[in-house]
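> here are the coordinates; sequence isn't available:
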């Protein structure tokens, strides 16, 4: 290449042809039509029309960074996962933080749960810990996921986001109350990802070298301390910088102030699950630390910003089914649904070969010489050699990859235990008996619905936090019709009399009109709805009032006191 071309790179088409002019479109004469053979114009516009991939249905607004996880304590008694088998061992990590309900362009300071998704590039493949910043969630049966998420999205008729929709749903879904209280607590608006915890939320599992399984919950405790925004401040920031939280994280890393989290697990012996006082696989429940204390595992540190957001964050595909030997799932029904639905969402959003996108590729895979060993071929945007001329079926006689049970069963092909643990060939099954049918296996009694919310109100929140919770809930309920307010209030009274009284007083509700919780559930709400609520006045959203035309806030333009506005 000529020296002058090296010093001044030439603009080219996507296929390498030099571009003559990037400022002037080809036209037929001075005032003629744009020439149809201006292929450079067409390439730019056609490519521009296709720049966006579908945004995530949930967790669309996100940001993230890269870093490293380091083992600090010995947990080999619980798991034979290679990346956890030695104190001091380090594993590259990618984390994406997100809000749940907002669109890609929405504010990242909004009151909303936060996604906390971590991809560990281990030597045995990728492990994805796909959690949130709260230890529980709103549902415990996956059939309700799409219904719940719809209440957080836009109303079909007006395309607005009134809050009465969520309260209508929650008034008839008491299992959600635990998470609702966390959402409207002080932790509802984190400053940014570096000032919040992360949780697996789901119960997961670990298996050790002896084949013994334990149930675990993962905790990522921020070393920066918990910092949250008052709701009015979060809303003010959103109007000026909807990317405030992303900005905070990137600036901290840029300045060398690397955020970190202490990673721990709660461990429940497998046999305890049958007799524990709380359903161990209920996503709306926590395990109190007094029963199962935290056990430190390691330290996670973010130390590198992405070099390109789309390539490394938007295209990052996290899924709970990405597991490594020694780590597993549980009977949590919501988790089991996520094992398949996340992969399906990625197929739709970024294509069937999303596993080949660099940010999603496994970086070390001893089972197939460093890459994923698969017979998958073809498909949109296949970017590697597509298996070249190797067989695309199994079994074959050409030395293609085989399942662990076959490889370990062949004396010629069997690897040593140091290379691949024998247990890596096993899928750890869960006992299941009885016919397949739709059954609510939860107790659905007072303690089931309100026991842990009572603990949160009485044992965790102080007086100030309780007051702010009441105010936040009352503010969110303000656009709801009275029948929805009457339907949700009994749940607050079930938690504590002060809780119910506080919200009712803020809403101006006569206590004598409030039905019992049992009445609400029996009647599927408080009847009286004939249509959706009307769109309220803007004043009810506490927006800035329009200034009266007669008002003038400018300075006089001359000594006579005449207003400058008069001639504007």
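Received it, and whenever you're ready, just let me know what you need. Here the structure is a predicted model, which means the values were calculated and not measured.
> biggest helix in the protein, by residue count?
Longest helix in the chain by number of residues (criterion: DSSP state H): helix 333-350.
> which strands or helices does that helix pack on?
Judged by 3 or more C-beta pairs under 8 Å, 6 or more residues apart in numbering; DSSP states H and E, helix 333-350 has no packing partners among the helices and strands. For the C-beta atoms, the positions are set from N, CA and C on the backbone; glycine is no exception.
> list the buried residues in that helix.
Residues 333-336, 338, 341-343, 345-346, 349-350 are the ones in helix 333-350 that count as buried (16 or more other C-beta atoms under 10 Å).
> between the residues you listed, which is nearest residue 484?
residue 334 (25.7 Å; C-beta to C-beta).
> contacts only, for the closest one.
Residue 334 makes contacts with 137, 139-142, 145, 202, 283, as judged by C-beta atoms under 8 Å, 6 or more residues apart in numbering.
> out of these, which is nearest to residue 466?
Each of those was scored against residue 466 by C-beta to C-beta, and residue 137 proved nearest at 22.5 Å.
> hang on, the closest one packs against residue 179?
Yes: applying C-beta atoms under 8 Å as the test, residue 137 and residue 179 come out as touching, 5.6 Å apart.
> what residues are shared contacts of the two?
113, 284.
> could you point out which element follows the helix or strand hosting residue 233?
Assigned by DSSP states H and E, residue 233 belongs to helix 231-240. As assigned by DSSP H and E, the chain's next helix or strand after helix 231-240 is helix 244-254.
> mind listing the helices for the stretch 1-150 of the chain?
3-7, 39-49, 145-152 (DSSP state H, counting those that start in this stretch).
> and residue 364, how far is that from residue 205?
Residue 364 sits 23 Å away from residue 205, going by C-beta to C-beta, to the nearest Å.
> tally up the residues packed near the closest residue to residue 106 other than its chain neighbours, please.
The shortest distance from residue 106 to any non-neighbouring residue, by C-beta to C-beta, 6 or more residues apart in numbering, is to residue 61 (5.1 Å). With neighbours defined by other C-beta atoms under 10 Å, the count for residue 61 comes to 26.
> what's residue 61 in contact with, if anything?
Residues counted as contacts of residue 61 (C-beta under 8 Å, 6+ apart) are 98-99, 102-108.
> hmm, try it at 10 Å
Shown in contact with residue 61 (C-beta atoms under 10 Å, 6 or more residues apart in numbering): 55, 97-108, 110, 112, 114-115, 242-243, 245-246.
> kindly report the same for residue 16.
residue 10 are the contacts of residue 16 under C-beta under 10 Å, 6+ apart.
> per-residue pLDDT, it?
Listed pLDDT for residue 16 reads 91.
> how about low-confidence regions in the stretch 451-568 of the chain?
For the stretch 451-568 of the chain, residues meeting the criterion pLDDT under 70 lie at 527-530, 538-568.
> again, only using 50
By pLDDT under 50, the weakly predicted segments of the stretch 451-568 of the chain are 540-568.
> so where do the helices sit in it?
For the stretch 451-568 of the chain, the helices defined by DSSP H, counting those that start in this stretch occupy 463-477, 482-495, 497-507, 517-522.
> now the longest one, how far from the chain's geometric center?
What it means is helix 463-477. Here helix 463-477 is found 25 Å from its chain centre; the criterion is C-alpha atoms, centre = their mean, to the nearest Å.
> what residue is smack in the middle of this structure?
In the chain, the centroid-proximal residue (C-alpha atoms, centre = their mean) is residue 115; its distance is 2.8 Å.
> of residue 364 and residue 205, which one has the most company?
With neighbours defined as other C-beta under 10 Å, residue 364 and residue 205 compare such that residue 205 has more, 21 against 16.
> before we move on, which element is that one in?
Residue 205 belongs to strand 204-207 when assigned by DSSP H and E.
> which other residues reach that strand?
Applying C-beta under 10 Å, 6+ apart, the contact partners of strand 204-207 are 75, 77-81, 84, 129, 131, 212-218, 265, 267-268, 270, 320, 323, 325-332, 335, 423, 426, 428, 430.
> what about residue 110, how many residues nearby?
Residues near residue 110, counting by other C-beta under 10 Å, number 20.
> list the contacts of it.
When contacts are counted by C-beta under 10 Å, 6+ apart, residue 110 touches 61, 99-102, 188-189, 231, 234-235, 238, 242, 245.
> looking at those residues, state which has the most neighbours.
Neighbour counts for those (other C-beta under 10 Å) peak at residue 245, which has 31 neighbours.
> OK, contacts around it?
Residue 245 touches 61-63, 97-99, 107-110, 114, 189-196, 229, 234, 237, counting by C-beta under 10 Å, 6+ apart.
> what about the nearest residue in space to residue 35 that is not next to it in sequence, neighbour count?
Closest residue to residue 35 apart from its sequence neighbours, by C-beta to C-beta, 6+ apart: residue 26 at 4.0 Å. The number of residues packed near residue 26 is 16, by other C-beta under 10 Å.
> so residue 26 versus residue 32, what's the distance?
Separation of residue 26 from residue 32 (C-beta to C-beta): 10 Å.
> over to residue 298?
Residue 298 is 68 Å from residue 32, by C-beta to C-beta.
> ok, the two, which is more surrounded?
Counted by other C-beta under 10 Å, residue 298 and residue 32 do not tie: residue 298 has more neighbours, with 22 against 9.
> now do the helix or strand hosting that one and helix 244-254, the angle between them.
Secondary structure from DSSP H and E places residue 298 in strand 294-304. Going by axes from the mean of the first three to the mean of the last three C-alpha atoms, to 10 degrees, strand 294-304 is angled at 80 degrees with respect to helix 244-254.
> helices and strands around strand 294-304, which ones?
Packing contacts for strand 294-304, counted by 3 or more C-beta pairs under 10 Å, 6 or more residues apart in numbering; DSSP states H and E, involve strand 62-71, strand 90-99, strand 213-222, helix 244-254, strand 260-269.
> show me where pLDDT drops low in the stretch 251-400 of the chain?
Counting by pLDDT under 50, the ranges of the stretch 251-400 of the chain that qualify are 368-370.
> didn't residue 257 look like it was pressed against residue 251?
Yes: using C-beta atoms under 10 Å, residue 257 is in contact with residue 251, at 8.4 Å.
> so how far is stretch 103-117 off the chain centroid?
Relative to the mean C-alpha coordinate of its chain, stretch 103-117 is positioned 9 Å out (C-alpha atoms, centre = their mean).
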